[in-house]
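*Asks:* sequence isn't available, so here's the structure alone:
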């Protein structure tokens, strides 16, 4: 079984962060609404708005679980990544973690990856920068980080 690439873990942590809300309870993450409008906790784990606060260790456990799910879906929809450099796998795992397996499954990105057309795959990644109908700077930065390791 293929392990979650460290680069995917690093990307998820870099762009999700460990969100702590409110300041009156330092070191514990509380549910918040992400820019796409979903209730989230810790490192971007989807949750119920009434989810109890969690520690950073609990957030790490959620992240590991979420990334394993994203890895399995990525390899299911893009099996060619099992034999490509780890950076390519990490980039698409991060995309899947961020946007969900359904988005990967129906995307032109999936087709380009499975064709091993890395230039076109990078172009497709750069299209996924919208949240709530507008370009989000955090998504632009995240997609560029994914492109940088996809192209290696």
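*Replies:* Noted; the coordinates are in hand. Only a predicted model underlies this, so the values are computations on that prediction, with no experimental measurement involved. Numbers count the residues shown, from 1 in each chain.
*Asks:* which intervals of this protein have sub-threshold pLDDT?
*Replies:* Where the chain drops to pLDDT under 70, the residues are 1.
*Asks:* can you pull out the strands in it?
*Replies:* Under the criterion DSSP state E, the chain carries strands at the ranges 28-29, 32-33, 39-41, 45-46, 54-55, 130-131, 134-135.
*Asks:* in JSON lines, list these along with distance to residue 111.
*Replies:* Placement of C-beta: from N, CA and C, glycine included. Formatted as JSON lines, the strands of the chain follow (distance: least, CB to CB, whole Å):
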{"stretch": "strand 28-29", "distance to residue 111": "37"}
{"stretch": "strand 32-33", "distance to residue 111": "32"}
{"stretch": "strand 39-41", "distance to residue 111": "29"}
{"stretch": "strand 45-46", "distance to residue 111": "27"}
{"stretch": "strand 54-55", "distance to residue 111": "37"}
{"stretch": "strand 130-131", "distance to residue 111": "20"}
{"stretch": "strand 134-135", "distance to residue 111": "24"}
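*Asks:* out of those, nearest to residue 92?
*Replies:* Residue 92 lies closest, by CB to CB, to one member of these: strand 130-131, at 18.7 Å.
*Asks:* direction included, what does the closest one pair against?
*Replies:* strand 134-135 (antiparallel) (DSSP bridges).
*Asks:* give me the contacts around the strand it pairs with.
*Replies:* residue 129 (CB atoms under 8 Å, 6 or more residues apart in numbering).
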